[in-house]
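Chemist: sequence and predicted structure, then a few things I'm wondering about:
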Amino acid sequence: MMVNLFSVFDPSTSLYNLSLNWMSTIMGLMIIPSTYWFIPSRHFMLWNKIIINLHGEFKTLIGFKNINKGSTLIFISLFSIIMFNNFMGLFPYIFTSTSHLIMTLSLALPLWFSFMIFGWINNTHYMFAHLVPQGTPPILMPFMVCIETISNLIRPGTLAVRLAANMIAGHLLLTLLGNTGSVISSSLLMILIMTQIALLILESAVAIIQSYVFAVLSTLYSSEVN
């Protein structure tokens, strides 16, 4: 029996008093068939097509003039690890690492910090100019500097909270509906099962969309410092 509603996000999994919760972060590699690594298979061709499409889109977002070789690989890897962890969280009794801020902040904060350091060291004048949008009246410039500074500072927080909140919301809804299965009548049980299946399909789409949004926003943030 759950102590509280949010205990679903922190199941107690241990072996010899060693917590294994965060092992779910790398469990996505286990669901990839071994044939993916050795010979071209359908899994390989599907994933290769996804990577090629993501590479083309991220290359456009970064800009052809500012792109360096392999720079899109960072964001493709980011998309992959978030998507795998989102999907692993849909399985029963598996720790959902992307619903915890410590995981999402660990992804967003180093990226944002490295972008800021790179921008202020290599493009200092551009970073100062970016604080005041073009066409701003002189009387509003101090306010725009404050607003742009705050918007830059909260970017890692918004990235982390958006991903964690979307993962928590869907899991909480599934948990709330699932807990009512033992107290409703058998006539409503089939409706509940169909609703849970529909929510699982929706959560599968959310798992892909949120990983894509996280990677795209990170790409846009990196393009602004070049």
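Modeler: Looks like it came in fine.
Chemist: what's the distance between Phe95 and His171?
Modeler: Using Cβ to Cβ, to the nearest Å, we find Phe95 at a distance of 11 Å from His171. For the C-beta atoms, the positions are set from N, CA and C on the backbone; glycine is no exception.
Chemist: which one's more surrounded, the two?
Modeler: Each of Phe95 and His171 has its neighbours counted (other Cβ atoms under 10 Å); Phe95 has more, 22 against 19.
Chemist: for that one, helix, strand, or coil?
Modeler: coil (DSSP: H, G, I helix; E, B strand; the rest coil).
Chemist: I'd say Asn166 and Gln210 touch.
Modeler: Yes. Between Asn166 and Gln210 there is a contact under Cβ atoms under 8 Å: 5.1 Å.
Chemist: list the buried residues for the helix ranked longest in the chain?
Modeler: Counting by DSSP state H, the longest helix found in the chain is helix 186-223. Buried residues in helix 186-223, defined by neighbour count with 16 or more other Cβ atoms under 10 Å: 199, 203, 206-207, 210-211, 213-219, 221-223.
Chemist: and that helix, how far out from the chain middle?
Modeler: 12 Å (Cα atoms, centre = their mean, to the nearest Å).
Chemist: quick one: list the elements packing against the helix or strand where Ala165 lies.
Modeler: Per DSSP states H and E, Ala165 falls inside helix 155-179. Here helix 155-179 touches helix 101-122, helix 186-223, going by 3 or more Cβ pairs under 8 Å, 6 or more residues apart in numbering; DSSP states H and E.
Chemist: mean confidence score for the last one?
Modeler: Right, the one you point to is helix 186-223. Computed over helix 186-223, the mean pLDDT rounds to 88.
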